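A.B. asks: Got a sequence here, can you model it:
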Amino acid sequence: MTRDRAPLSARERQIAYLAADGLTCQEIADRLSVSVTTVRTHLAHIYEKLGARNRLEMEHKLPPPALAILTRALPLVGPGHGERRQ
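C.D. replies: Got it, this is the predicted structure:
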């Protein structure tokens, strides 16, 4: 039985790309001011969502960072965002 996988949250994307860049769980935890356990929990959720068994598989299943930025929903107008370009 297959199921649709949920998209990665913003925090999961952040952790996934840091891990793909080679940072250890401790380094990611230090950089994001969270515990190592929190990083490991996020990585477990990321692996499940991507259908990956390890960091290498995760890295291969992640979209390129630029594509990830372009495809996620970002507010185009609002406080501090200026006017929408046309």
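
A.B. asks: what sits against residue 20?
C.D. replies: 55, 58, 59, 62 (C-beta atoms under 8 Å, 6 or more residues apart in numbering). No exception for glycine: its C-beta is placed from N, CA and C like everyone else's.

A.B. asks: Just the buried subset of these, please.
C.D. replies: In terms of neighbour count (16 or more other C-beta atoms under 10 Å), the buried residues within those are 58, 59, 62.

A.B. asks: Where is pLDDT lowest across those?
C.D. replies: Lowest model confidence among the buried ones among the contacts of residue 20 falls on residue 62, which carries 90.

A.B. asks: Would you mind measuring from it to residue 19?
C.D. replies: For residue 62, the distance to residue 19 under the criterion C-beta to C-beta, to the nearest Å works out to 9 Å.

A.B. asks: next one: residue 55
C.D. replies: Residue 55 sits 6 Å away from residue 19, going by C-beta to C-beta.

A.B. asks: Need the overlap of contacts for these two.
C.D. replies: Overlap of the contact sets of residue 55 and residue 19 (by C-beta under 8 Å, 6+ apart) consists of residue 43.

A.B. asks: ok so, going back, which two from the contacts of residue 20 end up farthest apart in space?
C.D. replies: Across the contacts of residue 20, the two members that end up farthest from each other (C-beta to C-beta) are 55 and 62, 10.3 Å apart.

A.B. asks: how about the helices of the chain, start to end?
C.D. replies: For the chain, the helices defined by DSSP state H cover 10-20, 25-32, 36-50, 55-61, 65-71.

A.B. asks: Cheers, nothing more for now.
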